[in-house]
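**Q** no sequence on hand, only this structure:
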């Protein structure tokens, strides 16, 4: 999941103590002002999508603390603070990848992140450095589409059948 990034890279995460959870807004005060503003825009954009929640979660020795965004138990992305920069990891299923290829043109940074993604089974893990506001905005467009897809409920194959009610006291 950390293709192209060494343990030395991930060790730059300033929130390294597994016992000390950073506050959700910690990067806003810990990062340089320009980067903190990108984090603010990214964070507010992600939680503005219908059904998306935020969790600060310890992701093991490699990733350490990350900001996880998801719709219910379905994951949208993970935001990383490494050194004085932010980046994001997102997954794409085969179906999502196919939907993207039939949609609007994507920014070159997104296309590159997807092309360089690491496949594990039916899921591709993609990493993107959010080094400027344009890249944050491009990622939010992608994340908005994915959030919409995650919020879709698959249609049942057949209608559920009503179960007969048991009389009270009949165990």
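**A** Thanks, I have it. Bear in mind the structure is a predicted one, so any value in this text is a computation, not a measurement. Numbering: from 1, shown residues only.
**Q** and the helix or strand containing residue 9, what does it pack against?
**A** If you go by DSSP states H and E, residue 9 is part of helix 7-10. Where contact means 3 or more CB pairs under 8 Å, 6 or more residues apart in numbering; DSSP states H and E, helix 7-10 is packed against helix 60-63. Using the backbone N, CA and C atoms, a C-beta is placed for each residue, glycine as well.
**Q** skip ahead from the helix it packs on and say which helix or strand is next.
**A** strand 65-71.
**Q** partners of that following strand in the sheet?
**A** Neighbouring strands of strand 65-71 in its sheet, by DSSP bridges, are strand 52-58 (antiparallel), strand 74-82 (antiparallel).
**Q** who touches it?
**A** For strand 65-71, the external contacting residues (CB atoms under 8 Å, 6 or more residues apart in numbering) are 13, 15-16, 21-22, 24, 43, 46-47, 49, 51-59, 75-81, 89, 143, 147, 150-151.
**Q** change it to 7 Å
**A** Here strand 65-71 makes contact (CB atoms under 7 Å, 6 or more residues apart in numbering) with 13, 15, 21-22, 46, 51-59, 75-80, 147, 150-151.
**Q** the residues you listed, buried ones only, as a PyMOL selection?
**A** Command for PyMOL that selects the buried part of those, burial taken from 16 or more other CB atoms under 10 Å:
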select buried, resi 13+15+22+46+52+56+58+59+75+76+77+78+79+80+147+150
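**Q** among the strands paired with strand 65-71, which comes closest to residue 31?
**A** Nearest to residue 31, of all the strands paired with strand 65-71, is strand 74-82, at 6.8 Å by CB to CB.
**Q** check which residues of stretch 120-134 are buried.
**A** Those would be 124, 125, 126, 127, 128, 130, for stretch 120-134 by 16+ other CB under 10 Å.
**Q** what's the burial count for residue 109?
**A** 17 (other CB atoms under 10 Å).
**Q** same question for residue 104.
**A** Using other CB under 10 Å: residue 104 sits among 7 other residues.
**Q** can you tell me the SS state at it?
**A** coil (DSSP: H, G, I helix; E, B strand; the rest coil).
**Q** next one: the one 5 residues further on
**A** With three-state DSSP as the basis, the three-state label of residue 109 is helix.
**Q** how distant is the helix or strand residue 139 falls within from the center of its chain?
**A** Element membership for residue 139 (DSSP H and E) is helix 133-151. Here helix 133-151 shows a centroid-to-chain-centroid distance of 10 Å under the convention CA atoms, centre = their mean, to the nearest Å.
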